[in-house]
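J.: this one's structure only:
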């Protein structure tokens, strides 16, 4: 986990990262140079923030386990995203990521479709899962959400958030 907000909120939007927030090139986003936020996403997240939603990133980053990139690269991408959000007048409240890959370190509880990252965020922010939603571009995102009692919304890879209705 990185950067945790102390802001209080009663509801939250959990967001997968690659393919939802930023363009997924089809394999791994390995560096800040490859991190391209999808059009309209900052405005949509600002709108949700203004409506009182917490914003929490929940992402598998198994490329760390595969030695394709390291945690510093993930931190740089998250700091860059946070900077874009800050310029727009809001902040991501927390970033949770799993650095494990089943082919390299075996099965872990935090990797989606496991729900541990979602559960940790629910606990950390004292959230009722019924007041939350998770947006992802893979079935594993929806399964992770549902495993924690959160409603999951499946979107197309790289479609962005501009057409997503969280109500």
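T.: Received, thanks. Since the model is a prediction, treat every value here as computed from it, not as a measurement. Numbering: from 1, shown residues only.
J.: What are the contacting residues of the longest strand seen in the chain?
T.: Counting residues, the longest strand in the chain under DSSP state E turns out to be strand 53-60. Applying C-beta atoms under 8 Å, 6 or more residues apart in numbering, the external contacts of strand 53-60 come out as 5, 7, 9, 11-18, 21, 45, 48-49, 78, 81, 85, 90-98, 111-112, 117-118, 121, 125, 127, 134, 140-141, 144, 166. C-beta: built from backbone N, CA, C; applies to glycine.
J.: Report the beta-bridge partner residues of the residue most central in space within the chain.
T.: Closest residue to the average C-alpha location of the chain: residue 57 at 2.4 Å, with C-alpha atoms, centre = their mean. For residue 57, the beta-bridge partners are residue 15, residue 95 (DSSP bridges).
J.: how near is it to residue 98?
T.: Here residue 57 is placed at a distance of 12 Å from residue 98 (C-beta to C-beta, to the nearest Å).
J.: just residue 121 next, same as before
T.: Residue 121 is 13 Å from residue 98, by C-beta to C-beta.
J.: more neighbours, those two?
T.: Of the pair residue 121 and residue 98, residue 121 is the one with more neighbours under other C-beta atoms under 10 Å, namely 26 against 21.
J.: okay but that one is in contact with residue 9, surely?
T.: No. Under the criterion of C-beta atoms under 8 Å, residue 121 is not in contact with residue 9, lying 11.4 Å apart.
J.: any shared contact partners between these two?
T.: Residues touching both residue 121 and residue 9 (C-beta under 8 Å, 6+ apart): residue 127.
J.: List the buried residues for the helix or strand where residue 118 lies?
T.: Using DSSP states H and E, the secondary-structure element containing residue 118 is helix 116-124. Of the residues in helix 116-124, those scored as buried under the neighbour-count criterion (16 or more other C-beta atoms under 10 Å) are 116, 117, 118, 119, 120, 121, 122.
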